[in-house]
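Chemist: Here is a sequence with its predicted model. Questions after.
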Amino acid sequence: MLRQQDVGHRIVVRRIVGIREGRPLFSDALGELVELSETHLTLATTQGRLRVPVAEVHRAKRVPPTRRPTAAAVVELELAADEAWPAAVRGRLGDWLLRAADGWTGRANSALPVGDPDRPLPAALDAVERWYANLGQPALVNTPLPLAAPVGAELDARGWGSGPPVLVQTAPLAGLPPAAAGSPPVELAAAPSDDWLAVAAGRKGGLPDAARHVLTAVGQVRFAHVYADGTLLAIGRGTVTGPGRWLGLSLIEVRPEARRQGLAGRVIRALADWGAATGASRAFLQVEQRNALAVALYRALGFTTHHTYLTRTAPH
């Protein structure tokens with residue numbers, strides 16, 4: 001059967017729809033799993049959303065996506081994402097990127113092995129380990145899949161660990177639904193307020209100086225604020241980067257007491273409108289596969305998984 005890790009992926013479900021002459025009648029449904037509970041699962045199919053009681057499910061499994069992105073498309077998006085989350089300390093190993101930011105977030109403190117490292121793979125990974133050792137940081141490698149599968153296999157052989165799978169999801173800006181009407185408004189600013197930074201620090205476990213560089217050292221960036229009665233209820237961050245003019249969405253956060261009021265969707269819509277005005281036509285975001293609530297929210301907004309990545313950690 002399915003697990004929460006399957007949310008956000010394409011699945012096929014065979015369900016029991018009736019009984020004829022003492023035998024069950026089956027119907028198959030194919031789509032993206034957007035919600036999974038103890039009693040129901042919900043798919044997004046080409047005919048719309050389908051909610052199936054678990055009691056009717058005869059069999060269900062994950063299936064491959066209809067079409068994998070090309071290697072060039074993965075590289076383009078990964079480089080746009082790197083530009084949108086710029087590490088304060090950077091190096092290169094051929095085409096590979098080496099990044100460090102005082103340990104703040106895995107993305108800003110990991111090697112990105114896309115392209116040619118100008119040396120054999122084992123020697124390249126040895127060089128990655130030395131670079132991080134010289135900084136006094138643990139070595140991390142972000143492996144976009146399936147592009148970096150050979151790197152992952154070599155790391156497996158070396159006994160490296162792995163973080164939870166992360167979904168890199170995309171959506172055309174023109175396809176995002178309009179924001180729900182209501183107040184309070186979403187305010188966009190070129191710099192984050194102290195309140196914004198405090199919420200981000202709570203989400204990410206502090207904000208060292210290098211974190212402020214990651215958040216602000218982008219040419220085109222906006223910080224979304226939603227206030228009510230002087231209290232900051234929701235935040236978000238949008239960037240426009242890369243030759244493909246990608247709108248990057250990050251730190252979409254709503255205070256617990258203000259959730260389920262549509263604020264996250266309104267923040268995303270406001271940043272999408274700004275991104276479109278700035279020349280972007282597509283948006284991307286990164287979300288842990290196990291974060292079922294966030295995956296369901298983004299799927300409802302039209303986001304689908306482009307590719308995945310794993311953050312690999314060197315053994316102690």
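Modeler: Sure thing, it's come through. Residues are numbered from 1 along each chain as shown.
Chemist: any residues touching the strand or helix carrying residue 129, and which ones?
Modeler: Following DSSP states H and E, one finds residue 129 within helix 121-135. Here helix 121-135 makes contact (CB atoms under 8 Å, 6 or more residues apart in numbering) with 89, 91, 93-94, 96, 98, 100, 111, 113, 117-119, 138-141, 150-151, 154-155, 158, 314. Just so you know, the C-beta spots here come from the backbone N, C-alpha and C atoms, and that holds for glycine as well.
Chemist: Now list the buried members of those.
Modeler: 89, 91, 93, 96, 98, 100, 111, 113, 117, 139-141, 151, 154-155, 314 (16 or more other CB atoms under 10 Å).
Chemist: among those, which are in helices?
Modeler: Among those, DSSP state H puts 151, 154, 155 in helices.
Chemist: so where is the stretch 1-150 of the chain shaky, pLDDT-wise?
Modeler: Applying pLDDT under 70 to the stretch 1-150 of the chain flags the ranges 48, 66.
Chemist: All the helices of it, residue numbers only.
Modeler: 71-84, 121-135, 149-157 (DSSP state H, counting those that start in this stretch).
Chemist: Run the chain-centre distance for the second one.
Modeler: Relative to the mean C-alpha coordinate of its chain, helix 121-135 is positioned 26 Å out (CA atoms, centre = their mean, to the nearest Å).
Chemist: who does the lengthiest strand in the chain touch, helix- and strand-wise?
Modeler: In terms of residue count, the longest strand belonging to the chain (DSSP state E) is strand 23-36. With contacts taken as 3 or more CB pairs under 8 Å, 6 or more residues apart in numbering; DSSP states H and E, strand 23-36 sits against strand 10-20, strand 40-45, strand 48-53, helix 292-300.
Chemist: same thing but at 10 Å, please
Modeler: strand 10-20, strand 40-45, strand 48-53, strand 57-62, helix 292-300 (3 or more CB pairs under 10 Å, 6 or more residues apart in numbering; DSSP states H and E).
Chemist: Is it possible to get a markdown table of those that adds mean neighbour count and distance to residue 195?
Modeler: Output for those, formatted as a markdown table (neighbours: other CB atoms under 10 Å; distance: least, CB to CB, whole Å):
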| stretch | mean neighbour count | distance to residue 195 |
| --- | --- | --- |
| strand 10-20 | 14 | 40 |
| strand 40-45 | 18 | 35 |
| strand 48-53 | 12 | 36 |
| strand 57-62 | 14 | 41 |
| helix 292-300 | 19 | 22 |
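Chemist: could these be laid out in JSON lines, adding distance to residue 173?
Modeler: As requested, the helices and strands packed on strand 23-36 are exported to JSON lines (distance: least, CB to CB, whole Å):
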{"stretch": "strand 10-20", "distance to residue 173": "23"}
{"stretch": "strand 40-45", "distance to residue 173": "19"}
{"stretch": "strand 48-53", "distance to residue 173": "22"}
{"stretch": "strand 57-62", "distance to residue 173": "28"}
{"stretch": "helix 292-300", "distance to residue 173": "14"}
